[in-house]
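> please work out how this folds:
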Amino acid sequence: MKKVNALILTGFGLNCDNETAHVFELAGAKSHRVHINALVSGKIALKDFHILAFGGGFSWGDDHGAGVIQALKLKNHIGKDLLDFVDQGKLMIGICNGFQALVNLGLLPGLNKDYTKRSVSITFNDCGNFRDQWVHLAANNQSPCVFTKGMDTADYPVRHGEGKFIADQKVIDTLLANHQVVFQYADAQGVPAKGEFPLNPNGSLEDIAGICDPSGKIFGLMPHPEAYNHFTNHPDWTRQTQLLRREGKTLGQEMTIGVKLFKNGVDYIKESFF
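Okay, the predicted model is just below:
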């Protein structure tokens with residue numbers, strides 16, 4: 001049986017590659033942790049993979065801005081390969097630092113199918129400090145995003161100092177009209193946060209936590225879905241265990257909403273390429 005091959009970037013300060021590789025395996029893919037230098041040198045060919053994951057961390061220490069150097073290195077060495085990957089209809093996901101790299105590359109938001117133009121930015125949190133917390137997210141069920149099909153809400157952690165999504169109002173309006181805004185920070189009921197801190201942990205315009213390109217095959221988000229790969233990851237799991245026990249139920253029998261996001265991507269590749 002053919003396996004979906006997922007490439008997870010490593011090296012130069014990226015530090016979420018093991019979690020990301022693990023959750024792809026749980027989702028039914030074959031994970032390959034590949035150092036960035038192996039790609040840029042040609043030792044590993046991007047064309048041999050179905051999904052490319054830009055994971056979280058602090059690439060190059062964020063010394064020139066989060067994801068900036070990573071984007072420049074990849075664009076200068078394998079820019080054409082990345083665009084070919086997009087043309088082939090394969091999937092990309094960027095998480096936290098990976099999201100920052102995708103917008104710096106211009107792969108997101110991909111307005112008018114232009115995957116080279118940078119039109120949005122992710123900058124310093126309004127609160128002025130690094131945020132490490134769990135957030136509630138409202139999913140846009142009209143979004144074309146492959147990864148979030150069947151989702152209404154999700155809880156994931158954020159871990160960033162530069163997570164505020166900004167853009168010109170015209171770009172924001174276009175993203176909203178095209179349903180490219182995939183996730184918005186929200187309250188526990190899934191109602192958008194309307195900028196309220198700490199529900200919106202960074203001050204992102206329109207509470208934007210994640211966007212996709214017009215095709216829905218390139219997805220970037222600041223929260224970390226790979227960090228919710230087991231029910232005990234969630235800070236409320238002990239309380240939920242007791243509540244379910246009173247109903248004669250057991251927590252942990254179902255796939256977490258973190259694994260579900262990756263499984264959507266893996267299933268899409270199986271349906272489209274095999």
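> below-threshold pLDDT in this protein: ranges please.
1 (pLDDT under 70).
> longest helix in it, by residue count?
helix 68-87 (DSSP state H).
> which helix or strand lies directly C-terminal to that one?
Downstream of helix 68-87, the first helix or strand assigned by DSSP states H and E is strand 91-95.
> what sits up against the next helix or strand after that following strand?
The first helix or strand that comes after strand 91-95 along the chain, using DSSP H and E, is helix 97-105. Outside helix 97-105, the residues that touch it by CB atoms under 8 Å, 6 or more residues apart in numbering are 9, 14, 53-59, 62, 65-68, 70-72, 74-75, 82, 92, 94, 108-109, 115, 118, 120-122, 162, 210, 218, 220-222. The way it works is simple: take the backbone N, C-alpha and C, and place the C-beta from them, glycine included.
> buried subset of those residues?
With neighbours counted by 16 or more other CB atoms under 10 Å, the contacts of helix 97-105 contain buried members at 9, 14, 53-59, 62, 65-68, 70-72, 74-75, 82, 92, 94, 108-109, 115, 120, 122, 162, 210, 218, 220-222.
> what about residue 165, how many residues close to it?
Per other CB atoms under 10 Å, the neighbour tally for residue 165 reads 27.
> how near is it to residue 140?
According to CB to CB, to the nearest Å, residue 165 stands 14 Å off from residue 140.
> got a list of what the closest residue to residue 14 other than its chain neighbours touches?
Spatial nearest neighbour of residue 14, excluding adjacent residues (CB to CB, 6 or more residues apart in numbering): residue 57 at 3.8 Å. Taking CB under 8 Å, 6+ apart, we find residue 57 in contact with 13-17, 96-97.
> got the phi and psi for residue 57?
phi 140, psi -150 (degrees, to the nearest 10).
> again, but for residue 140
Residue 140 adopts backbone torsions of phi -90, psi 110, taken as degrees, to the nearest 10.
> surely it touches residue 186?
No: the criterion here is CB atoms under 8 Å, and residue 140 misses it with residue 186 at 11.2 Å.
> more neighbours, these two?
Taking neighbours as other CB under 10 Å, residue 140 and residue 186 compare with residue 186 leading, 24 against 20.
> all helices of the chain, in order?
Using DSSP H, the helices found in the chain span residues 17-26, 36-40, 68-87, 97-105, 169-177, 237-246, 257-273.
> for residue 229, find the nearest of those helices.
Nearest to residue 229, of all the helices of the chain, is helix 17-26, at 4.6 Å by CB to CB.
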